[in-house]
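# No sequence on hand, only this structure:
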């Protein structure tokens, strides 16, 4: 089986130095609500209220952080 989407995306979705502080703040806030440990970088899997999500830094069309539900 091939690499997971998260590992493949992590290689090409590097966070810029200017966004690094904001990324840490987002992951810290997510940890407050997550039922599982949150990684120190994006993409990161989190579990909130018994639902799985992926936090991702999305640069498509601008700068954004997205929370995608992972069923």
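Okay, I see it. The structure displayed is predicted, hence computed values, not measured ones.

# For the longest strand anywhere in the chain, name the packing helices and strands.
What stands out as the longest strand in the chain, according to DSSP state E, is strand 51-58. Packed against strand 51-58, as judged by 3 or more Cβ pairs under 8 Å, 6 or more residues apart in numbering; DSSP states H and E, are the following elements: helix 17-33, strand 44-48, strand 64-69. (Glycine included, C-beta is placed from N, CA and C.)

# try it again with 10 Å
If you count contacts as 3 or more Cβ pairs under 10 Å, 6 or more residues apart in numbering; DSSP states H and E, strand 51-58 packs onto helix 5-12, helix 17-33, strand 44-48, strand 64-69.

# between it and strand 44-48, what angle do the directions make?
Here strand 51-58 points in a direction 140 degrees away from that of strand 44-48 (axes from the mean of the first three to the mean of the last three Cα atoms, to 10 degrees).

# So which bits of strand 51-58 are buried?
In terms of neighbour count (16 or more other Cβ atoms under 10 Å), strand 51-58 has its buried residues at 53-57.

# from those residues, which two are the most distant?
Across the buried residues of strand 51-58, no pair lies farther apart than 53 and 57, at 14.1 Å, counting by Cβ to Cβ.

# Closest one of the buried residues of strand 51-58 to residue 31?
Set against residue 31, the nearest of those by Cβ to Cβ is residue 55 (10.6 Å).

# what residues are up against that closest one?
23, 26-27, 29-30, 34, 38-39, 41-46, 65-68 (Cβ atoms under 10 Å, 6 or more residues apart in numbering).

# now do 7 Å
Residues near residue 55 by Cβ atoms under 7 Å, 6 or more residues apart in numbering: 26, 30, 42-44, 46, 65, 67.

# Mind checking which of the residues you listed are buried?
Buried, going by 16+ other Cβ under 10 Å: 26, 30, 42-44, 46, 65, out of the contacts of residue 55.

# any chance of these in CSV, plus pLDDT?
Below are those laid out as CSV (pLDDT from 0 to 100):
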residue, pLDDT
26, 87
30, 91
42, 88
43, 90
44, 91
46, 92
65, 86
